[in-house]
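S.K.: Sharing a model that was predicted from the sequence below.
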Amino acid sequence: MSEVAFVFPELKPTSRNYTPGSYPQTEFQAQNGAKTVVRFGNRRVESKLSLTFSNISDADANAILQHYELVNGNWGTVLFPPFTVDAGIEDAGLSAFMQEKNGSGLQYRYASPPKVQSVYPGISSVSCEFVGVLDGD
């Protein structure tokens, strides 16, 4: 099934966390301590990206929630516009990893619903968690 990518709102995060994921494998250990590893593919899976948008307008927070509904309602993926994920990163290689544009084949989906915190009237903070998945084509 080929998914449609929906563009995330053009907002710069105030913080981000990234974990590149791991290779799908199972490790077996015998009673004598010998280990055997069975690898199920040559690509990473389940990279994780967390973005926090602090003190944004309620309209921007609403745009993120609408994007969440759009992606999940259509079983789509998330496409980040330039400088959303990698704002402030000076190394192109690190930027490519965070956006999964390094040949990994991973596409981001929401790992959980966005969390919205009201800061004061008209201002909110939103945290989003994404997971990198492989398309089943």
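M.R.: Structure received. Numbers count the residues shown, from 1 in each chain.

S.K.: what's around residue 71, how many residues?
M.R.: 22 (other CB atoms under 10 Å). C-beta here means a position set from N, CA and C on the backbone, and glycine is covered the same way.

S.K.: Apart from its neighbours in sequence, what residue is nearest it?
M.R.: Setting aside the residues directly before and after it, residue 71 is nearest to residue 6 in space (CB to CB, 6 or more residues apart in numbering), at 5.2 Å.

S.K.: ok, the one you found - how many residues close by?
M.R.: 17.

S.K.: Next, give phi and psi for it.
M.R.: phi -110, psi 130 (degrees, to the nearest 10).

S.K.: On the pLDDT front, check the residue lying closest to residue 39 once chain neighbours are set aside for me.
M.R.: Take residue 39 and drop its neighbours on the chain: the residue closest to it by CB to CB, 6+ apart is residue 25, 4.3 Å away. For residue 25, the pLDDT comes out at 83.

S.K.: Quick check: residue 25 touching residue 37?
M.R.: Yes: contact status for residue 25 versus residue 37: in contact at 5.5 Å, counting by CB atoms under 8 Å.

S.K.: what comes up buried for the longest strand along the chain?
M.R.: Longest strand of the chain, by residue count under DSSP state E: strand 106-120. Neighbour counts over strand 106-120 (16 or more other CB atoms under 10 Å) mark 106, 107, 108, 109, 110, 114, 116 as buried.

S.K.: The fifth one pairs with what?
M.R.: The residues listed as beta-bridge partners of residue 110 by DSSP bridges are residue 130.

S.K.: List the contacts of it.
M.R.: Each residue near residue 110 by CB atoms under 8 Å, 6 or more residues apart in numbering is listed here: 68, 71, 72, 78, 128, 129, 130, 131.
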